[in-house]
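>>> got a sequence here, can you model it:
(chains A and B)
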Amino acid sequence: MAPSLLEIEDLHTYIGQHHILQGVSLRIRHDAVTVLLGRNGAGKTTTMRTVMGLLHPRRGVVRYDGHEIHRLPPYEIARLGIGYVPEGQGIFATLTVDENLRVAQLSEGAPARERLQHIFGLFPDLERFRRARAGTLSGGQKQMLAIARAFINPNRLLLIDEPSKGLAPIIVEHLVEALSAMKRHATVLLVEQNFAMAQALGDDFYLIDDGRTVHQGSMASLAADDALKKKYLGI
Amino acid sequence: MRERAPVLIAAGLFLLPLALIDPRTYLTLTVAGLAMGMLIFLVAAGLTLIFGLMDVLNFAHGALFSWGAYVGFSAAALLNQRLGWATSPSVVANTLLLLGAIAATVLITVGLGVLLERVIVRPVYGQHLFQILITLGATIVLEELIRIVWGPNDQVMPVPFTFQGSWDIADVVVLRFPVVAIILGIVIYVGMVLMLNRTRVGLIVRAGVENGEMVQVMGHNIYRYFTGVFAAGSALAGVGGLMWAIFSQSVRPTMGGEQLIFAFIVVIIGGLGSVTGSLVGALMVGLSYNYVAFLVPKAAIGVTMAIMVLILLFRPTGLYGAAR
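All right, here's what the predicted structure looks like:
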């Protein structure tokens, strides 16, 4: 089996006294979209925050491109080429769209400018509202800005946490299109409750329940398995 | 309208007393109030950035103010003793003395700021109670150190000859040093705004004030920015202390604690993390304090509290505060 870009082995993470992750293991294949599924509170967001270094695991290993990263601070993890789109977007509302992108952009020069043009191609609204304060954007535009910020550096891995949350169906459709275009350039770990979106984008899936990995496989096999969907996702 | 409201309120406070005070006295009080406001601004600007970016309640800010005053006092005394730059009537020598004292103050308070941030503040990020306790502890230590180094008594601050006394402009008495303080305040404010709005470091600091976690996951070592902002805030407090020492022509070990209350009020009025808010708030406090101290001396401190309460009633996050 080809080496994975991201490997998580038996991860245990606590938030305060609470033992949130109790043994999460994942392997994220290069150039694939892996969808992390599970009920609310199962530990999907905590898994992403642990990978990003915002939470430190009590036990277990996170390996990125063959190197252990679970003891590194978030800013070093980010510089290894991991972009993060948190739940709720985390945009800087008082800064302009342009400034939001500039905070995220770690390099300058011609390749960086090209990348910015590429992003404006995917999300024309961002170019139109470059000088607007990010707080004045619509929910969909804010999500596009959050994704654009994670994609503005030549990151190899993108962690995207519930991008469709609270968005109108037509906006979600646009988001699926943009993410489909982006997945040609990066490996993606996606948390998504909207099963249609997960199915449209995902290659592999992992199911987390009560802080543990309980199932894994190809997205196609999950889509066909009604019993599994009903048991863990209630659909 | 929302953007302009703070300025309108400030202008109202500025013009209202004109109805009650004779115009010439009013102008004298206004200059004094603006100068006092600028000095408070220097202290509050550092405090607001430290609170806004780092979420740290820094009660040691007042001790840095005192240290700045004493270091500047020593530098000025030394320069005057060796070179006579304070007693000399030369404008150049007087200005050099002021700049030399400011340089010494900045050097020492930046060093103290870096030390404080690294040693006592860093272990208590995110824990407000511990921050209050340990920075109050640091205040006691720093004040006692002042007593050991400079002695426990008040000392007379040498005031450069050019900045003593007043100009008499069309029968209006304009004290000279306050004008210097106002100019310095404007220069520092403009410098800070340019730094925050035109540089990459400023951009990252502004982003960090809003969401420090996101700044980190974008690859920026926020702790380095914390140290830098804490050191810069310390230097601003120090320069504020030095200017206050010249203004009041004396230095005292406890002088910082008294100013810290004003600075906290200003930070709250202006909105946490906003430099412009601090300036507007500081000018409001400085001006109203002077007008009221002239009209009803006993109500002078109460009026600044009243302004704070009124503003918080209508704008719970302060004049320029972003809701967090």
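>>> give me the number of residues near residue 204?
Picked chain A for this. Residue neighbour count, defined by other C-beta atoms under 10 Å in any protein chain shown, stands at 21 for residue A:204. The way it works is simple: take the backbone N, C-alpha and C, and place the C-beta from them, glycine included.
>>> not quite, go with chain B.
19.
>>> mind checking what secondary structure residue 167 has?
Picking chain A for this. Taking DSSP: H, G, I helix; E, B strand; the rest coil as the rule, one finds residue A:167 in the coil state.
>>> chain B is the one I meant
Classification of residue B:167 using three-state DSSP returns strand.
>>> and the gap between it and chain A?
As judged by C-beta to the nearest C-beta, to the nearest Å, residue B:167 and chain A stand 42 Å apart.
>>> which ones are touching that residue?
B:173-174, B:176 (C-beta atoms under 8 Å, 6 or more residues apart in numbering or on different chains).
>>> what do you get for residue A:210?
Residue A:210 neighbours (C-beta under 8 Å, 6+ apart): A:22, A:42-43.
>>> hmm, back to that, where is pLDDT lowest across the contacts of residue B:167?
Scanning these for pLDDT, the low point is residue B:173. It has 79.
>>> what are the bridge partners for that residue, then?
residue B:168 (DSSP bridges).
>>> do I have it right that it meets residue B:28?
Yes: with contact defined as C-beta atoms under 8 Å, residue B:173 reaches residue B:28; the gap is 5.1 Å.
>>> chain neighbours aside, what residue packs nearest to residue 179?
In the absence of a named chain, this looks at chain A. In space, and not counting its chain neighbours, residue A:179 is closest to residue A:201: 5.7 Å by C-beta to C-beta, 6 or more residues apart in numbering or on different chains.
>>> please go with chain B instead
Using C-beta to C-beta, 6+ apart, the nearest residue to residue B:179 is residue B:31, at 6.8 Å.
>>> distance-wise, check residue A:209 relative to residue A:41.
10 Å (C-beta to C-beta, to the nearest Å).
>>> tell me the secondary structure at the most centrally placed residue in chain A.
Centroid-nearest residue in chain A: residue A:160, 1.6 Å away (criterion: C-alpha atoms, centre = their mean). The assignment at residue A:160 comes out as strand when based on three-state DSSP.
>>> residues touching residue B:269, list them.
B:277, B:280-281, B:284-285, B:307-308, B:311, B:318-319.
>>> before we move on, what about residue B:249?
B:156-157, B:159.
>>> if we can go back for a sec, of the contacts of residue B:167, which is the nearest to chain A?
residue B:174 (38.5 Å; C-beta to the nearest C-beta).
>>> how about the strands in chain A?
For chain A, the strands defined by DSSP state E occupy A:6-15, A:18-28, A:33-37, A:59-64, A:67-68, A:82-85, A:157-161, A:187-191, A:204-209, A:212-218.
>>> narrow the contacts of residue B:167 to those that are buried.
Among these, those scoring as buried are B:174, B:176 (criterion: 16 or more other C-beta atoms under 10 Å in any protein chain shown).
>>> what about chain A, any weak spots by pLDDT?
Along chain A, segments meeting pLDDT under 70 span A:1-2.
>>> go through the longest helix belonging to chain B and flag the buried ones.
Ranked by number of residues, the top helix in chain B under DSSP state H is helix B:23-54. Buried residues in helix B:23-54, counted by 16+ other C-beta under 10 Å: B:26-54.
>>> how distant is the next helix or strand after that helix from the center of its chain?
Of the helices and strands lying after helix B:23-54 in sequence (DSSP states H and E), the nearest is helix B:61-83. Remark: helix B:61-83 is offset 16 Å from the chain centroid, using C-alpha atoms, centre = their mean, to the nearest Å.
>>> what's the answer for stretch B:298-318, then?
Taking mean C-alpha positions (C-alpha atoms, centre = their mean), stretch B:298-318 and its chain are 19 Å apart.
>>> and what of stretch B:98-114?
Chain-centre distance of stretch B:98-114: 14 Å, with C-alpha atoms, centre = their mean.
>>> any idea of the mean pLDDT for it?
Stretch B:98-114 comes out at a mean pLDDT of 96.
>>> again, but for stretch B:136-147
95.
>>> what's the helix or strand for residue B:194?
Counting by DSSP H and E, the element that carries residue B:194 is helix B:176-198.
>>> same question for that helix: list its buried residues.
For helix B:176-198, using 16+ other C-beta under 10 Å, the buried residues are B:176-182, B:184-185, B:188-189, B:192, B:196.
>>> between those residues, which is closest to chain A?
For the buried residues of helix B:176-198, the nearest to chain A is residue B:196 (11.2 Å; C-beta to the nearest C-beta).
>>> give me every residue that touches residue 32.
Picked chain A for this. Residues near residue A:32 by C-beta under 8 Å, 6+ apart: A:187-188, A:203-204.
>>> if you could check chain B rather than the one you did, that'd help
B:175, B:178, B:290.
>>> what's the distance between residue A:83 and residue A:24?
21 Å.
>>> before we move on, the earlier item: packing partners for whichever helix or strand comes after the helix holding residue B:194?
Next in sequence after helix B:176-198, counting helices and strands by DSSP H and E, comes helix B:200-210. Packed against helix B:200-210 by the contact rule (3 or more C-beta pairs under 8 Å, 6 or more residues apart in numbering or on different chains; DSSP states H and E) you find helix A:97-104, helix B:23-54, helix B:176-198, helix B:212-217, helix B:222-248.
>>> okay if I get those as JSON lines plus distance to residue A:62?
Below are those laid out as JSON lines (distance: least, C-beta to C-beta, whole Å):
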{"stretch": "helix A:97-104", "distance to residue A:62": "22"}
{"stretch": "helix B:23-54", "distance to residue A:62": "28"}
{"stretch": "helix B:176-198", "distance to residue A:62": "36"}
{"stretch": "helix B:212-217", "distance to residue A:62": "15"}
{"stretch": "helix B:222-248", "distance to residue A:62": "21"}
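>>> what's the closest of the ones you listed to residue A:70?
For residue A:70, the closest of the helices and strands packed on helix B:200-210 is helix B:212-217, at 15.0 Å, according to C-beta to C-beta.
>>> who's in contact with that closest one?
A:52-54, A:73-75, A:77-78, A:84, A:86, A:90-92, A:103, B:53-55, B:204, B:207-208, B:222, B:225.
>>> sort out which residues of that helix are buried, please.
Buried residues in helix B:212-217 (16+ other C-beta under 10 Å): B:212-217.
>>> then it to PDB, C-alphas only?
This file holds the C-alpha atoms of helix B:212-217, laid out as PDB (Å, rounded to 0.1, in the frame of the first residue of the first chain):
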ATOM      1  CA  GLY B 212      -5.200  34.700  17.600                       C
ATOM      2  CA  GLU B 213      -5.800  31.000  17.000                       C
ATOM      3  CA  MET B 214      -6.400  31.600  13.300                       C
ATOM      4  CA  VAL B 215      -3.200  33.600  13.000                       C
ATOM      5  CA  GLN B 216      -1.300  30.700  14.400                       C
ATOM      6  CA  VAL B 217      -2.800  28.100  12.000                       C
END
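>>> what average pLDDT does that helix get?
For helix B:212-217, mean pLDDT is 94.
>>> how far away from the center of its chain is that helix?
Helix B:212-217 sits 29 Å away from the centroid of its parent chain (C-alpha atoms, centre = their mean).
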